[in-house]
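In: return atomic coordinates for the entry below.
(2 chains)
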2 protein chains.
Amino acid sequence: MDDGIARRIVAAIKERIHAGAYQPGDRLPSTRAFATEWGASRTTVTAAYGQLIAEGYLITRPGARAIVAEGLIVPGAPVSRGEISTRRMAAFARRLLALPTPVAVDAPPIADFRYGDLSASDFPILAWRRALNTATLGRGTRLRYDDPQGSPALRTALQGYLWRARGIRCTPDDVVIVNGSQQGLDLCARLLLDPGDHFVIENPGYVLARHAFLAAGGIAVPVAVDGEGIKTDNLPAAHLAYITPSHQYPLGGVLSAARRRVLVDWANRTGACVVEDDYDGEYRHDVAPIPPLQTLDPEAVIYVGTISKTLSPTLRLGYLVVPASLRKAFVEAKRLTDRHSPLPEQEGLSTLIESGAYERHVRSVRRRNAERRTALLEALANAFGSEIAVAGEETGLHVVAWFHEIAAELESTLASTARVAGIGLYPVSPLYDPAGPQPTVAGFVFGYAALEATELRRGVAVLADVVAKFRGGVP
Amino acid sequence: MDDGIARRIVAAIKERIHAGAYQPGDRLPSTRAFATEWGASRTTVTAAYGQLIAEGYLITRPGARAIVAEGLIVPGAPVSRGEISTRRMAAFARRLLALPTPVAVDAPPIADFRYGDLSASDFPILAWRRALNTATLGRGTRLRYDDPQGSPALRTALQGYLWRARGIRCTPDDVVIVNGSQQGLDLCARLLLDPGDHFVIENPGYVLARHAFLAAGGIAVPVAVDGEGIKTDNLPAAHLAYITPSHQYPLGGVLSAARRRVLVDWANRTGACVVEDDYDGEYRHDVAPIPPLQTLDPEAVIYVGTISKTLSPTLRLGYLVVPASLRKAFVEAKRLTDRHSPLPEQEGLSTLIESGAYERHVRSVRRRNAERRTALLEALANAFGSEIAVAGEETGLHVVAWFHEIAAELESTLASTARVAGIGLYPVSPLYDPAGPQPTVAGFVFGYAALEATELRRGVAVLADVVAKFRGGVP
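Out: Numbering: from 1, shown residues only, chains lettered A, B, ... in the order given. Have a look, this model is predicted:
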């Protein structure tokens, strides 16, 4: 029997039925006749007929030839593909499609300063593989859907980690495992914002957070930031505030204690929730660790943590510490959203934390990234001196450099010119709320975690040439 | 320096500040005085003060003692925990919390017939580990966020698989990778249903699908099923229909060709989308494979596939084949929802498919599950004979058994009694729409993929005892 021919016979008979060439009640040719017509074996034709019988296109009675079933063509309802161009989508989809979408580009050859990327050479591949294998071997006799809140072992491990590393006191019951911080933000958007509700967002700020809240129908209330993070002197009424207190994204300020207190009090006065994105809280260079906002008031703050900056963004694993009053909603939303996060990553991370390997790894990448940072800051200082002002260098994995003598309007032209020269350069303007005030001089976000010191130096040197030519009027 | 003591000093000073014992502008004790008071070293106290300075609680000037910063206590806004019991949640959360939530229970010792579980011994652990290791080694120099639509390699591999295994013709661009079929259903709910929109759902049907659509604000229009799947003679207007054509869940009918055609024509006439959940399309026992609904009209149908029934539900990997007109919305929704599915699972599956190991594995588990099915059907026939009617045994990994002589009201009592005897038994009533007609006799869903033949036989034998006692009036 030939599967390919049988499939084509099946398709051909269906076409004839749909085209009306075979009518309901018609008898089909005998398998012998059909086999001759197609130059196929009778076995093949018999298989094809059997298939059509199984699908209900044909009906057989013992000893008689197959006939075409009734009801396969709906009278008076011809299908015309042209008529329906797009099916109606929901408001969520329409809001989503109105947002600007990033364009995927390849990393340019000399140095890509894209923020969010990590160096593959930093990944603890052996420890991770060992952790995964341990976890796999520990599996029971059944593969079954797991706890939507996250594996109890991982939540327990994270409780200890959060206390040791970030000073957060919580129980494993307060922790919800998510697929990276983005899912945490999306769950906050869905659970806390109705269409028309206002949300406070740092300006400039993290675009994918703003988009998640906008797609949920929220109305953005951008609030300016300065060197101490978001300005809290005049916070408007809102249902939610999205804040990056440890290292404001992108400008890098650390939210001052006074503002932390104002923010939490504002949340308690207005009933708003504060979503604290501690996306790079593990990376401190010049300053002492500052406990998250969450420690000030665990009932007002949803804490969002991730391993995207310590292990890899490709593992898609993050965690929330959720106020007790919201826990059930988060867990049930997680269940309906995707049942639970994949177990291998959860078991791998939990094993890594329990063995101490995770914190050893964090110390190691903190050291490596401190070296990269030093290399970048020195290179920038050598190349540009007082032509630039660098912000946000105390913590995290990126800095912002403002070019005093280049107008903001030239940002994207400079970025394109740099790309042609092999440098990935990322303007800061797109991180500002489009309706609010914009920066006047060109600024760029320099992520450095994926580049080695030599690449950072070479990248800045090439960039210096580009900028020199650019300012010389030869872009 | 002692980290533990430093941390306690920091906490103590903060408490005094918040309690008003230290007022803004107050000078703190010298580090020497404080060290004496606490029996700590001066280094430790200096570290604690440094921490409080970094956090903005204290201010220092060169040569002077630290003073308490301004603005740490907001006047007139005392935080009273008792006042805010719950923060206001969005309508999505309120709808979600109104739904019944499943209770997690341990697998009972003798035989658990829970549907959805697989046997861990079926998992191709070596092949999977090999596939993961190959994928990890093939990684580039950067760890970066990947394509929200899914890895191109996996989408290409799935295109071939879907054609070979299911007769679906599509391009890799039509495929969207999701975290298991549940995320696919949730994305459909969000993108296609506004609050108040109607959706058609099979009755009885898959509860987590109904819940995902209800949580999005949809209004369920339950439509009865019979041995040929959902009844299509009187489909009401709706925006979406959720259908399990290959093996209706739970009753097991295979949707007839005539009804498939009616359904697709209805979708085109009304502009509705059909969500086709092909959750166990790989498992056919007595019948020839039937091409998915999607092959009839790729513009009207969103096809949902999963590896939860072939590899493991714990990996959380599924895939959609999406009409071209909806593709951008799905991809952008996936980006905002969680960026992309974890790469290790995507790379593992793609390697497995490309090497042919996945299809070999599917054939192997199909054989094993056919054996389990035979064992279960024989055991049920021996134990209960004509007391029961078995439905849906032609395909899939479960059957439904109706107990003619046990009233539907006794389902849950029988299930509890069985659990005490070590048997996990799952009533069919909860899968019916609560507002519609209910079955009159007790029915149970028997999943068999996690049990070996001996366990299935033993489980049915124990169940027969339970049922006999139960019917004898000794529950």
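In: residue nearest the centroid of chain A?
Out: residue A:182 (4.8 Å; Cα atoms, centre = their mean).
In: okay, that one: pLDDT?
Out: We have a pLDDT of 98 for residue A:182.
In: am I right that it is in a strand?
Out: No - assessed with DSSP: H, G, I helix; E, B strand; the rest coil, residue A:182 is helix; it does not lie in a strand.
In: give the contact list for it.
Out: By Cβ atoms under 8 Å, 6 or more residues apart in numbering or on different chains, the contact list for residue A:182 reads A:208, A:212, A:318, B:336-339. C-beta coordinates here come from the backbone N, C-alpha and C atoms, glycine included.
In: next one: it from residue B:106, what distance?
Out: The gap separating residue A:182 from residue B:106 is 33 Å, by Cβ to Cβ, to the nearest Å.
In: quick one: the strands in the stretch 101-250 of chain A?
Out: If DSSP state E, counting those that start in this stretch is used as the criterion, the strands of the stretch 101-250 of chain A fall at A:111-112, A:118-119, A:142-143, A:175-178, A:198-203, A:219-226, A:229-230, A:240-243.
In: which of those comes out lowest on mean pLDDT?
Out: Among the strands of the stretch 101-250 of chain A, strand A:142-143 scores lowest, with a mean of 90.
In: just the residues contacting it, thanks.
Out: Residues from elsewhere that reach strand A:142-143 (Cβ under 8 Å, 6+ apart): B:107, B:112, B:117-120, B:123, B:312-314, B:450.
In: and those residues, which are buried?
Out: When the contacts of strand A:142-143 are checked for burial by 16 or more other Cβ atoms under 10 Å in any protein chain shown, the buried set is B:107, B:112, B:117-120, B:123, B:312-314, B:450.
In: before we move on, back to that, just the ones of the contacts of residue A:182 in helices?
Out: Among the contacts of residue A:182, the residues falling in helices (DSSP state H) are A:208, A:212, B:336-338.
In: could I get those as a markdown table with pLDDT, neighbour count and distance to residue B:56?
Out: Formatted as a markdown table, the ones in helices among the contacts of residue A:182 follow (pLDDT from 0 to 100; neighbours: other Cβ atoms under 10 Å in any protein chain shown; distance: Cβ to Cβ, whole Å):
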| residue | pLDDT | neighbour count | distance to residue B:56 |
| --- | --- | --- | --- |
| A:208 | 97 | 17 | 28 |
| A:212 | 97 | 28 | 29 |
| B:336 | 97 | 25 | 34 |
| B:337 | 97 | 28 | 36 |
| B:338 | 97 | 27 | 34 |
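In: including distance to residue B:294, could the strands of the stretch 101-250 of chain A go into JSON lines?
Out: Listed next are the strands of the stretch 101-250 of chain A as JSON lines, based on distance: least, Cβ to Cβ, whole Å:
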{"stretch": "strand A:111-112", "distance to residue B:294": "39"}
{"stretch": "strand A:118-119", "distance to residue B:294": "38"}
{"stretch": "strand A:142-143", "distance to residue B:294": "27"}
{"stretch": "strand A:175-178", "distance to residue B:294": "31"}
{"stretch": "strand A:198-203", "distance to residue B:294": "38"}
{"stretch": "strand A:219-226", "distance to residue B:294": "38"}
{"stretch": "strand A:229-230", "distance to residue B:294": "48"}
{"stretch": "strand A:240-243", "distance to residue B:294": "39"}
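In: give me the phi and psi angles of residue A:307.
Out: Residue A:307 has phi and psi values of phi -100, psi 10 when expressed as degrees, to the nearest 10.
In: so where's chain A uncertain?
Out: Low-confidence segments of chain A, defined by pLDDT under 70, span residues A:1-3, A:18-21, A:36-39, A:54, A:61-63, A:71-86, A:137-139, A:286-287, A:472-475.
In: if we go to 90?
Out: Judged by pLDDT under 90, chain A has its weakly predicted residues at A:1-88, A:100-107, A:130-142, A:281-282, A:284-290, A:394-395, A:434-437, A:469-475.
In: what's the single longest helix in it?
Out: helix A:357-384.
In: on that earlier part again, now for the contacts of residue A:182: which two are most distant?
Out: Farthest apart among the contacts of residue A:182 by Cβ to Cβ are A:318 and B:336. That separation is 14.6 Å.
In: please enumerate the helices of chain A.
Out: A:3-19, A:31-38, A:42-54, A:91-98, A:125-137, A:152-166, A:180-192, A:207-215, A:257-270, A:327-338, A:343-354, A:357-384, A:411-420, A:453-471.
In: quick one, which of these is packed in tightest?
Out: Ranked by mean neighbour count under mean count of other Cβ atoms under 10 Å in any protein chain shown, the helices of chain A are led by helix A:180-192, which reaches a mean of 28.
In: for the nearest residue to residue A:88 once chain neighbours are set aside, phi and psi?
Out: Among residues not flanking residue A:88 along the chain, residue B:271 sits closest, at 5.9 Å (Cβ to Cβ, 6 or more residues apart in numbering or on different chains). Main-chain dihedrals, residue B:271, degrees, to the nearest 10: phi 80, psi 10.
In: pretty sure residue B:271 contacts residue A:87?
Out: Yes - the pair residue B:271 and residue A:87 passes the contact test of Cβ atoms under 8 Å, sitting 5.5 Å apart.
In: the more surrounded of the two?
Out: Between residue B:271 and residue A:87, counted using other Cβ atoms under 10 Å in any protein chain shown, residue A:87 has the larger neighbour count: 21 against 15.
In: verify the stated contact: that one with residue B:272.
Out: Yes - the pair residue A:87 / residue B:272 is scored as a contact, 7.5 Å apart, by Cβ under 8 Å.
In: next, count neighbours for the nearest residue to residue A:163 once chain neighbours are set aside.
Out: The shortest distance from residue A:163 to any non-neighbouring residue, by Cβ to Cβ, 6+ apart, is to residue A:169 (6.2 Å). Here the number of neighbours of residue A:169 (other Cβ under 10 Å) works out to 13.
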